[in-house]
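Participant: Predicted model and sequence follow; I will ask about them next.
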Amino acid sequence: MALEHQVAGEDRRAISIARTLTELEIAKVREWEGSPSKYLLSTLQRWIALHGGESIQAEFALAATLSNTPDRYSNEDINPERLYLTVDPESAGYIVIGPTLEMLSRIHPQLPVTFYDLMVGAGE
């Protein structure tokens, strides 16, 4: 492990979150690789692996980004005191809901509304 590190001003948010994750014993000091960003990345990769990462990766194509803006295409820094962890599906499934709702309405007029409410609220 290096005994001396130089830090650029733009790394202060990464340093802050790295310190917090280390204090919470989520990040491991031995994983330090010379920069706060690399440290956070290795911590995130290890945490994902310990929490079902392999199973998730088998089912979904996800990308995780740690950034100072919630929109990766924007140069605007919304809040200089925040870092954003964004998990984005690189692909997503879909269903054509119209025919399903029509079929359900033939069974009972309230079924389409119930189905829609349950489906939309499933992620909450």
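Facilitator: Received, thanks.

Participant: and the host helix or strand of residue 106, what other elements does it pack with?
Facilitator: Per DSSP states H and E: residue 106 is located in helix 97-107. Secondary-structure packing of helix 97-107 (3 or more C-beta pairs under 8 Å, 6 or more residues apart in numbering; DSSP states H and E): helix 111-121. Bear in mind the C-beta positions are built from the backbone N, C-alpha and C, glycine included.

Participant: Residues contacting the helix it packs on, please?
Facilitator: 97, 100-102, 104-105 (C-beta atoms under 8 Å, 6 or more residues apart in numbering).

Participant: any idea of the mean pLDDT for it?
Facilitator: Averaged over helix 111-121, pLDDT sits at 85.

Participant: can I assume residue 109 sits in a helix?
Facilitator: No. Read with DSSP: H, G, I helix; E, B strand; the rest coil, residue 109 is coil and lies in no helix.

Participant: and it, what does it touch?
Facilitator: Residue 109 neighbours (C-beta under 8 Å, 6+ apart): none.

Participant: domain ranges for the protein?
Facilitator: Split into domains by automatic domain parsing, the chain comes to 9-89, 94-124.

Participant: Among these, show the one with the smallest mean pLDDT.
Facilitator: domain 9-89 (a mean of 78).

Participant: which residues of this protein fall in strands?
Facilitator: For the chain, the strands defined by DSSP state E cover 62-67, 84-89.

Participant: Next, the angle strand 84-89 makes with the first one.
Facilitator: Using axes from the mean of the first three to the mean of the last three C-alpha atoms, to 10 degrees, the direction of strand 62-67 lies 160 degrees away from that of strand 84-89.

Participant: got a list of contacts for strand 62-67?
Facilitator: By C-beta under 8 Å, 6+ apart, strand 62-67 touches 14, 37, 40-41, 44, 48, 56, 72, 83-90.

Participant: Name the residue closest to the centre of this structure, please.
Facilitator: residue 87 (2.7 Å; C-alpha atoms, centre = their mean).
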